Structure formats: C-alpha cells, structure tokens
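Visitor: Need a 3D model of the sequence below.
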Amino acid sequence: MLNKRYLPSITALQCFEAVTRHLSFTRAAQELHLTQSAVSKQVAQLEELLQHLLFRRVRRRLQLTPAGDLYLVEVRKILTQVEMSTHTLRSYGGETEVLRVSTPSTFGARWLVPRLKGWRLRHPHIHLDVCNEQSADALLQGHSDLAFYFGQGSRPGTECVKLFGEELVAVCAPSSLPHQPFTDPTQLTDLVLLQNASRPQAWHEWFERQGYHTDHSYHGPRFDTFYMCIRAAQVGCGVALLPRFLVEEELTDGKLVIAWQHPMPSRDAYYLAYPEHSAGVPKVKAFVTWMMEHIDHPVGAAEGCDL
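Guide: From the prediction side, this is the model:
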C-alpha cells in the first residue's frame, strides 16, 4: 500500500498566498480571476490537509494564525521557485539544458569563474547553474551534476578527474611585518594566526614540517572561507596560510607578501567529480572537456564573462 502524499495543488497555495496579502477572500478572488467561494474552498481544503487553521476572524477582520504565518514562509519559497523555473524555461527555450555545478566558494570565484568565459558561445544550449558546495554528498543526492572539491581522488559512486595540487604559503599585509626580519617561523604567532575552518590542522602541520612546535598553532580567529582569510590578512588582522594560486593576484599587486619562505605542498588535490552513471551524458562530457582545455589558462579578471 502506497503512503499518502501530502501535496497541495499550486492553485491552493496561490489562493492561500493571495488571501494573506489582501486579508480578504473577495479581493484575493478578484486578483486570481476566481469566485470568492472557489478561493474559500481551496483554503478550506488546504486547512483540512494540514489539520491546522490558517486564518481566524477577529472583530470581522481576517488574521493569520501562528500556523498560517509559519506556512506562508514556505509557500512563498515554493511559488517563487516555480515562477523562476518557468521564466527560465520560457527565456531559454525547450532545447536548453541546465548543468548544475557545485564548487567551494573561494575556489569558484578565484579559479573557476575566469575559466568559464566563452562557455555560452560554444555551448549556447547548456545553461550553467553554479552554486557554493553544499555537502560532500551533493552529487549522489542529485543536487548537482558535477562538483569541484579538494581532497582524495576517490568518492563512492563517482568518477573523479584530478585537476592540480596546491602549496600553502604564509601571507600577510606588508604593514604587518616587523622592521626586523623573523629568525624562526614561530615568531609569526606574534602577528596572530588566522585559521581556516576547512583546514584546522594546517598551521600545526606547517610548523611541524619545519621541525618547529608552538602551543599557539590552533589559536586565532577562525573563518569559514579562504576569501575571508584573504581579506583578514589583507587588512592587517594577522597572517594566513593559504593556497598560493588563490592569492597570486594579491602577491603580484603587493597587497600581500610572503611572511616566511616555506611553501608547504598539500597531500590532497583539487578534483572535478560527477556520478558514474553520468559519464556518457553529453552536457557532463562537454563541461569536463572544457575544464581540461582551460585548466592552465591564467587567472584574470572575469569582467564581461559570457556564461
């Protein structure tokens, strides 16, 4: 026996949302070109499905109940998404495919986006939908078609294409450096070590590989993304341990400098992954081919990027 699915109709959701704005069944009906009784019936059926009253009358005026107020937030999200999807299909036409790509945020902004310039000229019928990485299981859960990630080159149920490795460098604003050069790397702790939430062991390993130890390697403000670490270092909040390729622009412009000359190669690498069952899908193959062709392109400004 199939489980009952609690799926109200779009019409019912539209009626409910219109009534919340007008606080009137009559005016909602006029907006939707329905009869007042039809709107009332849709809302009543919705209340029966939810087993909660959505409206109550107080001194002849309609008011949302707490349950109705809570439900309204979700209903507006649903209606907005349906409307956006409809506009997208109308704009691009029935032959357009959407390719959903997830990426770590700073990697996406600094490395990926500049390499997407010209994509739409070669693939006019493949619309890119690029979003920040949500979880390691985004691919297998169907949230994205391809995913960039940093780590080991194997994930269950996926094909992984190695892009490149990285080396971490200690950087800070020029004004943060003392007049006298450091004599050993542990003196960097005087500048405040900026921590990245995705690499909690980085500073400890960096000191260890040089044969040093400090009780302060885990101390310092912690940031969610490399981009925030870059900005924090740039404005003088401390010294950050960052992938060199993400800060080449700042190093070239002199906005950041190397605080201690010891680049540390990472044991992991950057990969592009897609589900095994998608290996033969044309849009996935097209994107992988594009990335491998553009992997060595220099990172430049992305202005005018024709996606």
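Visitor: Quick one: list the elements packing against the longest helix seen in the chain.
Guide: Taking DSSP state H as the criterion, the chain has its longest helix at helix 66-92. Contacts defined by 3 or more C-beta pairs under 8 Å, 6 or more residues apart in numbering; DSSP states H and E place helix 66-92 against helix 10-22. The way it works is simple: take the backbone N, C-alpha and C, and place the C-beta from them, glycine included.
Visitor: Show me which parts of the helix it packs on are buried, residue by residue.
Guide: Residues of helix 10-22 classed as buried by neighbour count (16 or more other C-beta atoms under 10 Å): 12-20.
Visitor: Let me know the closest of these to residue 72.
Guide: Nearest to residue 72 among the buried residues of helix 10-22: residue 20, at 5.4 Å, using C-beta to C-beta.
Visitor: Contact partners for the closest one?
Guide: Applying C-beta atoms under 8 Å, 6 or more residues apart in numbering to residue 20 gives the contacts 64, 68, 72.
Visitor: which one among those gets closest to residue 294?
Guide: Each of the contacts of residue 20 was checked against residue 294 using C-beta to C-beta; the closest is residue 72, at 44.9 Å.
Visitor: I'd guessed that closest one sits against residue 66; true?
Guide: No - contact between residue 72 and residue 66 fails when scored by C-beta atoms under 8 Å: they sit 10.7 Å apart.
Visitor: Looking at these two, which one has more neighbours?
Guide: The neighbour comparison of residue 72 against residue 66 (other C-beta atoms under 10 Å) goes to residue 72, with 18 against 9.
Visitor: ranges for the helices of the chain?
Guide: Assigned by DSSP H, the helices in the chain fall at 10-22, 25-32, 36-50, 66-92, 105-107, 119-122, 202-209, 226-234, 248-253, 282-294.
Visitor: Tell me the buried residues in the longest helix of the chain?
Guide: Along helix 66-92, these residues count as buried under the neighbour rule (16+ other C-beta under 10 Å): 68, 71-72, 75.
Visitor: Now find how far off-centre that helix is within its chain.
Guide: Helix 66-92 has its C-alpha centroid displaced from the chain centroid by 20 Å (C-alpha atoms, centre = their mean, to the nearest Å).
Visitor: Flag the shaky bits of the stretch 201-307 of the chain, pLDDT-wise.
Guide: 297-307 (pLDDT under 70).
Visitor: my read: residue 161 touches residue 271, true?
Guide: Yes - at 6.3 Å, residue 161 and residue 271 qualify as touching, with contact defined as C-beta under 8 Å.
Visitor: of those two, who's got more company?
Guide: Between residue 161 and residue 271, counting by other C-beta under 10 Å, residue 271 is the more crowded of the two (21 against 16).
Visitor: got a list of what the more buried one touches?
Guide: Listed by C-beta under 8 Å, 6+ apart, the contact partners of residue 271 are 148-151, 153, 160-163.
Visitor: Now the buried members of these.
Guide: Members of the contacts of residue 271 that pass the buried threshold by neighbour count (16+ other C-beta under 10 Å) are listed as 148-150, 160-161, 163.
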